[in-house]
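Student: missing the sequence, but the structure's below:
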């Protein structure tokens, strides 16, 4: 009996101009939208592994309970995170994602990739689904682009260029006009 593979799903909320943070690399309050927070929390509650860089964190009560890989150049391959026994520090230059996820004790289920831009870029050709939330009323002209290649291309163009196809958008916060679109890889 073979073990099912780890599904790779990405999650981000962006401004109308494709930014996920301001020029200081901080998510502005304008992007902290209740409907998206509920969607994101439910998604992470169903994840088996969370993957992110040092600036991309989740500010939720269940965060310390989740297994995670935190990307860093400060370790050779993987190392325990001294601040959280459920976290593993991971240097992609020192070992593959598959090896790092095994070291974290996760070989099946869903890995949630939650950023930042470089981390999102590493998985562009591996996503099974990418959940792109767009806050259509928010602009961050000098902010941090969500993916490598933005703003020269839109986030949607970047996802499509990597073989992902847009599904039906779902309105997740009517008051703030925020929708989430699943971008799926079609086998």
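Tutor: Yep, that arrived. Predicted, not measured: the structure shown is a model, and the values here were computed from it.
Student: for residue 161, what are its contacts?
Tutor: 149, 153 (Cβ atoms under 8 Å, 6 or more residues apart in numbering). For the C-beta atoms, the positions are set from N, CA and C on the backbone; glycine is no exception.
Student: buried residues, the helix ranked longest in the chain. List them.
Tutor: Counting residues, the longest helix found in the chain (DSSP state H) is helix 34-45. Neighbour-count burial for helix 34-45, counted by 16 or more other Cβ atoms under 10 Å, picks out 35-37, 39-40, 43-44.
Student: for it, which outside residues touch it?
Tutor: 9, 11, 13, 50, 58, 60, 62, 66, 112, 114, 131, 133, 135, 172-176, 178, 180.
Student: helices - which of the residues you listed land there?
Tutor: Using DSSP H, none of the contacts of helix 34-45 sit in helices.
Student: now list the buried members of these.
Tutor: By 16+ other Cβ under 10 Å, these give 9, 11, 13, 50, 58, 66, 112, 114, 131, 133, 135, 172-173, 176, 178, 180 as buried.
Student: and the residues you listed, which two are furthest apart?
Tutor: The span of these, defined through Cβ to Cβ, is set by 66 and 176 at 26.2 Å.
Student: surely residue 125 touches residue 162?
Tutor: Yes. Residue 125 is within contact range of residue 162, at 5.8 Å (criterion: Cβ atoms under 8 Å).
Student: these two: which is more packed in?
Tutor: Neighbour count, other Cβ atoms under 10 Å: between residue 125 and residue 162, residue 162 has more, with 18 against 11.
Student: mind pulling up the pLDDT for the more buried one?
Tutor: Residue 162 is assigned 97 on the pLDDT scale.
Student: how near is it to residue 129?
Tutor: 12 Å (Cβ to Cβ, to the nearest Å).
Student: ok, residue 177 next?
Tutor: 23 Å.
Student: ok, the nearest residue to residue 111 once chain neighbours are set aside - contacts?
Tutor: Ranked by Cβ to Cβ, 6 or more residues apart in numbering and with sequence neighbours excluded, the top spatial neighbour of residue 111 is residue 49, at 4.4 Å. For residue 49, the contacting residues are 6, 66-69, 101, 104, 106, 109-112, by Cβ under 8 Å, 6+ apart.
Student: which among these end up buried?
Tutor: For these, buried by 16+ other Cβ under 10 Å: 6, 66-69, 101, 104, 106, 110-112.
Student: dump those to CSV, plus pLDDT and distance to residue 23.
Tutor: Putting these into CSV (pLDDT from 0 to 100; distance: Cβ to Cβ, whole Å) gives the following:
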residue, pLDDT, distance to residue 23
6, 94, 34
66, 86, 29
67, 92, 32
68, 93, 27
69, 96, 27
101, 96, 33
104, 95, 33
106, 96, 35
110, 97, 32
111, 98, 30
112, 97, 26
